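In: Just need the structure, nothing else, for what follows:
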Amino acid sequence: MSRLTLFWLLVLLPSFALSAINGIFPAVKYPGIHSIDYPIEFSTTSMPEIWTDYTVIIGWSKCQANSHATLGDVITGVVDLVNLNTHSTAGESFIVNLALEDRFFDVRTRTTFQLIATVTSGIGRSGLLHVERYSTNITVDPRYCGESCQSKIPQDYQFQSQCRYN
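Out: Numbering: from 1, shown residues only. A predicted model of the protein is given here:
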C-alpha cells in the first residue's frame with residue numbers, strides 16, 4: 001500500500017463513522033407546559049457498521065407502559081431525522097423541540113407523562129430494518145393555574161412520577 005493511499009484512508013475513515021440513537025432525556029430540568037415546545041435530547045453512540053436512523057415516532061402515556069411493543073396512548077408526531085440532517089450524527093447528541101399542543105397535555109395539575117420514542121433505522125448494506133424504543137418521563141404543568149403558578153422554576157426541582165404500579 002502506498003503512503004498516499006494510507007494517508008487518504010486515515011483522513012477519510014473517521015468521516016465514515018456512523019451513529020445510532022441510544023437514549024433520550026429532557027434537555028432542560030424544568031417541567032413542560034401545554035402548548036409550549038419542550039426540548040428533548042437524543043443521545044447517540046458511534047457504530048462500527050452502516051447504521052442510519054430514519055424517523056422517530058413520538059408517543060406518550062400517562063403511566064409507565066408495560067409492553068415493550070407499545071407506541072404509547074397517544075402519538076403526537078413523527079420526527080424526520082433525514083430531513084433534519086440528524087440521521088448520521090457521528091456520536092454527537094442533538095436536540096429536537098417537541099410540541100405539547102395535543103389536548104392530552106391539557107392538565108389541571110402537575111402530571112408526569114412517559115415519552116416513548118420509537119426509532120426506525122436501516123442497518124448494513126442490505127438495509128435491514130430495525131425498530132428500537134426509548135423512553136423517559138416528562139412532567140407537564142397546567143397552562144392556566146392562576147396565582148398559584150410560580151414564575152420561576154425552583155433550582156432543586158426533581159422529576160417525580162405520579163403513576164401507581166400494581
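In: Name the nearest residue to His130, ignoring sequence neighbours.
Out: In space, and not counting its chain neighbours, His130 is closest to Ser121: 4.5 Å by Cβ to Cβ, 6 or more residues apart in numbering. Any C-beta I mention is one placed from the backbone N, CA and C, and that applies to glycine too.
In: Would you map the strands across the protein?
Out: Residue ranges of the strands in the chain, as given by DSSP state E, are 18-26, 32-33, 38-47, 51-61, 74-80, 94-98, 111-123, 128-141.
In: For those, give me JSON lines that also has distance to Phe105.
Out: Below are the strands of the chain laid out as JSON lines (distance: least, Cβ to Cβ, whole Å):
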{"stretch": "strand 18-26", "distance to Phe105": "15"}
{"stretch": "strand 32-33", "distance to Phe105": "7"}
{"stretch": "strand 38-47", "distance to Phe105": "9"}
{"stretch": "strand 51-61", "distance to Phe105": "8"}
{"stretch": "strand 74-80", "distance to Phe105": "9"}
{"stretch": "strand 94-98", "distance to Phe105": "10"}
{"stretch": "strand 111-123", "distance to Phe105": "7"}
{"stretch": "strand 128-141", "distance to Phe105": "5"}
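In: give me the low-pLDDT residue ranges for the chain?
Out: Across the chain, the ranges flagged by pLDDT under 70 are 1-19, 65-69, 87-90, 144-166.
In: Kindly recompute the last result at 80.
Out: Across the chain, the ranges flagged by pLDDT under 80 are 1-19, 46-51, 63-70, 85-91, 123-127, 143-166.
In: of the strands of the chain, which approaches Thr86 most closely?
Out: Ranking the strands of the chain by proximity to Thr86 (Cβ to Cβ) places strand 94-98 first, at 4.8 Å.
In: Next, count neighbours for Ser126.
Out: Neighbourhood size, Ser126 [other Cβ atoms under 10 Å]: 8.
In: could you measure it against Ser46, distance?
Out: 21 Å (Cβ to Cβ, to the nearest Å).
In: sorry, back to before: in JSON lines: the strands of the chain, plus mean neighbour count and distance to Thr86.
Out: Output for these, formatted as JSON lines (neighbours: other Cβ atoms under 10 Å; distance: least, Cβ to Cβ, whole Å):
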{"stretch": "strand 18-26", "mean neighbour count": "19", "distance to Thr86": "9"}
{"stretch": "strand 32-33", "mean neighbour count": "20", "distance to Thr86": "21"}
{"stretch": "strand 38-47", "mean neighbour count": "18", "distance to Thr86": "7"}
{"stretch": "strand 51-61", "mean neighbour count": "20", "distance to Thr86": "8"}
{"stretch": "strand 74-80", "mean neighbour count": "15", "distance to Thr86": "9"}
{"stretch": "strand 94-98", "mean neighbour count": "15", "distance to Thr86": "5"}
{"stretch": "strand 111-123", "mean neighbour count": "20", "distance to Thr86": "11"}
{"stretch": "strand 128-141", "mean neighbour count": "16", "distance to Thr86": "15"}
